[in-house]
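>>> mind looking at a prediction? Sequence and model below.
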Amino acid sequence: MSQARLIITAVTLEGRTKSEVARDYGVSRFWVQTLVKRFVAEGEAAYEPRSRRPHVHPNAVSAGMEEQIVRLRKELSKQGLDAGADTIHTHLARRTPRSKTSTLEPVPAVSTIWRVLTRRGFVTPQPQKRPKSTWHRFTADQPNERWQADITHWQLADGTELEILNIEDDHSRLDLLSQTRRSFTAGEVRGGFRTAFKRHGLPARVLTDNGAVFTGKPRRGGQVALEAELVTLRIRFDHSRPYHPQTCGKVERFHQTQKKWLAAQEPAQTLAQLQQQLDRFRRYYNSTRPHRALDRKTPAEVYATRPKAVPSGPLVDPHYRVRTDKIDTSGTVTLRCQSRLHHIGLGRQLAGTRVYVLSADLHVRVVAIETGELLRELTLDPNRDYQPTGRPPGPPRKRP
């Protein structure tokens with residue numbers, strides 16, 4: 001039996017005085033009067049305990065502030081931008097600075113904003129995620145210490161497929177370059193990096209996946225234009241493990257943020273219009289949008305805070321190369337030069353022979369590994385894919 005029931009019963013049924021009951025139960029006479037009045041008005045409902053929550057809280061969010069939070073949520077979501085409680089808090093804090101005599105309402109805490117969004121139905125409950133204590137995040141210590149680059153796809157209003165080259169600074173998440181083409185060639189990728197070099201200087205390292213425009217190693221060796229460029233500039237070039245996009249996770253995540261914003265815009269009609277949208281997003285992303293991974297700072301602020309890393313790779317002349325290969329069944333070996341594959345004819349009678357391919361710019365020599373025999377020496381014609389043997393047609397020459 002609750003104390004409220006005992007007090008009410010003692011007064012109403014036993015006929016004891018309120019002062020006597022208050023003294024016997026160790027409560028104030030006012031409280032005894034309150035319980036008796038509640039019993040007279042409500043009956044047995046007076047026996048149940050009541051919430052002690054105050055009717056009015058001096059620090060509660062006002063209706064006006066709650067409307068600001070909801071309006072910001074809708075505006076940011078409509079523009080395809082991050083609209084979480086952290087971001088809304090940052091935008092509210094960037095209002096006109098308050099003076100000592102100002103009566104402007106203080107910005108609510110992030111947790112308070114989250115509760116407002118939840119109460120208004122903007123937050124969808126999600127299953128329990130892995131605790132943050134188990135996360136392992138690898139971040140470069142300096143700006144320009146490592147750049148991540150990747151190519152993603154987007155469509156124009158008429159369904160035309162385009163490609164977007166994104167380059168992001170690993171330390172600051174700065175959008176260094178967002179460039180679109182119908183389809184990127186290795187030379188155009190090198191041109192995009194040169195544009196980023198002019199804007200932000202040279203990085204110490206570059207990280208990409210194993211796409212054909214980034215590296216020629218998985219496809220019969222050789223170098224593409226970007227590899228040759230980075231070697232010349234002493235920039236170390238790293239590649240992710242095949243089928244493991246998590247290695248380039250920062251630029252992969254940037255693709256998502258960028259596409260979410262693009263999806264909220266009027267679909268671009270032309271490649272030039274899409275490039276204008278990318279430029280507009282890059283300015284907002286770098287200088288206005290607070291980044292959760294950067295303690296709510298902008299990438300531009302973080303990029304400008306610390307000294308920049310510089311290239312420190314070995315000095316290598318990219319024009320001189322030596323690699324091993326095997327003559328294929330058609331009697332050729334393949335060499336990549338100036339971002340283009342060239343097939344060098346040697347004769348089908350040599351199929352299966354392991355060789356060294358030595359190149360110095362356009363001068364190429366092919367030497368048999370087992371015998372040391374010089375099988376062919378030529379000056380590569382960069383305008384031809386197939387470099388013929390030069391011998392007249394006829395029956396194949398037998399090897400001695």
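Ah, there it is.
>>> what about the strands in the stretch 201-350 of the chain?
Using DSSP state E, counting those that start in this stretch, the strands of the stretch 201-350 of the chain run over 205-208, 236-239, 320-326, 332-337, 340-345.
>>> distance to residue 382, mean pLDDT and mean neighbour count added to the ones you listed, as JSON lines?
No exception for glycine: its C-beta is placed from N, CA and C like everyone else's. As requested, the strands of the stretch 201-350 of the chain are exported to JSON lines (distance: least, CB to CB, whole Å; pLDDT from 0 to 100; neighbours: other CB atoms under 10 Å):
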{"stretch": "strand 205-208", "distance to residue 382": "25", "mean pLDDT": "95", "mean neighbour count": "23"}
{"stretch": "strand 236-239", "distance to residue 382": "23", "mean pLDDT": "92", "mean neighbour count": "16"}
{"stretch": "strand 320-326", "distance to residue 382": "15", "mean pLDDT": "80", "mean neighbour count": "14"}
{"stretch": "strand 332-337", "distance to residue 382": "6", "mean pLDDT": "85", "mean neighbour count": "21"}
{"stretch": "strand 340-345", "distance to residue 382": "7", "mean pLDDT": "87", "mean neighbour count": "18"}
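>>> and those as CSV, adding distance to residue 359?
Formatted as CSV, the strands of the stretch 201-350 of the chain follow (distance: least, CB to CB, whole Å):
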stretch, distance to residue 359
strand 205-208, 24
strand 236-239, 19
strand 320-326, 5
strand 332-337, 6
strand 340-345, 10
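>>> between those strands, which gets nearest to residue 140?
When those are ranked by proximity to residue 140, the top entry is strand 205-208, at 8.2 Å, counting by CB to CB.
>>> and that closest one, what other elements does it pack with?
With contacts taken as 3 or more CB pairs under 8 Å, 6 or more residues apart in numbering; DSSP states H and E, strand 205-208 sits against strand 147-155, strand 236-239.
>>> nearest to residue 51, of the ones you listed?
For those, proximity to residue 51 was assessed by CB to CB; strand 147-155 is nearest, at 53.2 Å.
>>> hey, C-alpha coordinates of the next helix or strand along the chain from that closest one in PDB?
For strand 147-155, the succeeding helix or strand toward the C-terminus, using DSSP states H and E, is strand 161-169. This file holds the C-alpha atoms of strand 161-169, laid out as PDB (Å, rounded to 0.1, in the frame of the first residue of the first chain):
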ATOM      1  CA  GLU A 161      26.800   8.200 -69.400                       C
ATOM      2  CA  LEU A 162      29.700  10.300 -68.200                       C
ATOM      3  CA  GLU A 163      32.700   9.800 -65.900                       C
ATOM      4  CA  ILE A 164      33.800  12.000 -63.000                       C
ATOM      5  CA  LEU A 165      37.400  12.000 -61.800                       C
ATOM      6  CA  ASN A 166      37.700  12.900 -58.100                       C
ATOM      7  CA  ILE A 167      40.900  13.600 -56.300                       C
ATOM      8  CA  GLU A 168      40.800  14.100 -52.500                       C
ATOM      9  CA  ASP A 169      43.400  15.000 -49.900                       C
END
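>>> give me the helices and strands touching strand 161-169, please.
strand 147-155, strand 175-181, helix 186-200, helix 249-263, helix 271-287.
>>> same thing but at 10 Å, please
Packing partners of strand 161-169 (3 or more CB pairs under 10 Å, 6 or more residues apart in numbering; DSSP states H and E): strand 147-155, strand 175-181, helix 186-200, strand 205-208, helix 249-263, helix 271-287, helix 299-305.
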